[in-house]
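In: A predicted structure for the sequence below; I have some questions about it.
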Amino acid sequence: MKVNEIMSKDAVCINAHDSITHARQLMRDHYLRGLPVIDEEEKVIGILKDQDILNIKATKSNVTVEGYMHACPLITPETDIADAAGYLLDSEIGRCPVVISNEDRSLAGILSNSDILANIAGDRKLDATVADIMTTDVSTCKPHDNLTKIWPVLLESNFSGLPVISEKGEPMGIVTRMDVIRSGFIRTSMSDTHATQPKDTTMVEKIMSTPVYSVSSDTPIKDCLKQMLHYDVGRMTVVDKDRIAGIVDRTDILRTFVMGTDPVQ
């Protein structure tokens, strides 16, 4: 299967000289996890990730996209989706611009890991169980935690979301990078890293996503993927005996599609 069969052709993009504030607004309005970046000639020159938006430390984000964008792999409409999946994993990005050709880097569309995952449910490598690929070292947070506490975890780790648990350790929901961006409290929280203005900060419980979408560790990966696609979520909490045993996200399943369930070298 080729990329042109599954990519989105109406991609929202941003100019390298536009402000980060504008980029943040586009991501919030369109619920995007990344934006293709183009130059003055409308050629693709990179990608801006949601993690980059969280990385803005200035309370007045008059900086431009150019200083935060990343290089992205060359994917064209004729690229095989298995190759494209490998490029996404190698680049540690969840979505990538698709350009017309090697010679013409005009934007043809955008390809996300979700686009690929929606077309691989029948792959035999996904017959393994969630236990074979889940992350067991899970960082969690509490509903009354402040965003200034969880922000560094989301920023510095590869976790795109953190499970929210009760005082008894029971799963209650999840808070994601996109929840933080869409909340509109980024600047307020960032300007209060020492929690000196408690009235101006936000607790996790106000922005977390519920309910908890979960599977057990013996669930086949392909069934877990079906649930992720059905609920349109990027990760599933793995719960055994009412306790969090791990977490599985899009990247884990994409890696299995590309590499199988052998341990990552």
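Out: Yep, it's here.

In: Beyond the helix or strand of the chain with the lowest mean pLDDT, next helix or strand please.
Out: For the chain, using mean pLDDT, DSSP states H and E, the weakest element among its helices and strands is helix 186-190, scoring a mean of 51. Sequence-wise, the next helix or strand downstream of helix 186-190 (DSSP states H and E) is strand 214-215.

In: roughly how far out does that next one sit from the chain middle?
Out: Centre-to-centre, strand 214-215 and its host chain are 19 Å apart (CA atoms, centre = their mean, to the nearest Å).

In: C-terminal to it, what's the next element?
Out: Following strand 214-215 in sequence order, the next helix or strand is helix 221-231 (DSSP H and E).

In: For this protein, which segments are assigned as helices?
Out: Along the chain, counting by DSSP state H, helices occupy 20-30, 50-54, 81-91, 113-117, 147-156, 177-183, 186-190, 221-231, 250-259.

In: Which positions in the fifth one come out as buried?
Out: Within helix 147-156, the residues that qualify as buried are L147, T148, K149, I150, W151, L154, counting by 16 or more other CB atoms under 10 Å. Using the backbone N, CA and C atoms, a C-beta is placed for each residue, glycine as well.

In: Make JSON lines from these and add distance to M208 and pLDDT to it.
Out: What follows is the buried residues of helix 147-156, written out as JSON lines (distance: CB to CB, whole Å; pLDDT from 0 to 100):
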{"residue": "L147", "distance to M208": "11", "pLDDT": "86"}
{"residue": "T148", "distance to M208": "15", "pLDDT": "83"}
{"residue": "K149", "distance to M208": "13", "pLDDT": "85"}
{"residue": "I150", "distance to M208": "10", "pLDDT": "86"}
{"residue": "W151", "distance to M208": "14", "pLDDT": "80"}
{"residue": "L154", "distance to M208": "13", "pLDDT": "82"}
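
In: Distance to V63 for these - can I get that in TSV?
Out: Listed next are these as TSV, based on distance: CB to CB, whole Å:
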residue	distance to V63
L147	21
T148	21
K149	25
I150	24
W151	18
L154	20
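
In: okay, the helices of the chain in CSV with distance to S101 next?
Out: Formatted as CSV, those follow (distance: least, CB to CB, whole Å):
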stretch, distance to S101
helix 20-30, 26
helix 50-54, 27
helix 81-91, 15
helix 113-117, 20
helix 147-156, 36
helix 177-183, 32
helix 186-190, 38
helix 221-231, 31
helix 250-259, 24
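
In: between these, which gets the lowest average pLDDT?
Out: For the helices of the chain, the bottom mean pLDDT is recorded on helix 186-190, which sits at a mean of 51.
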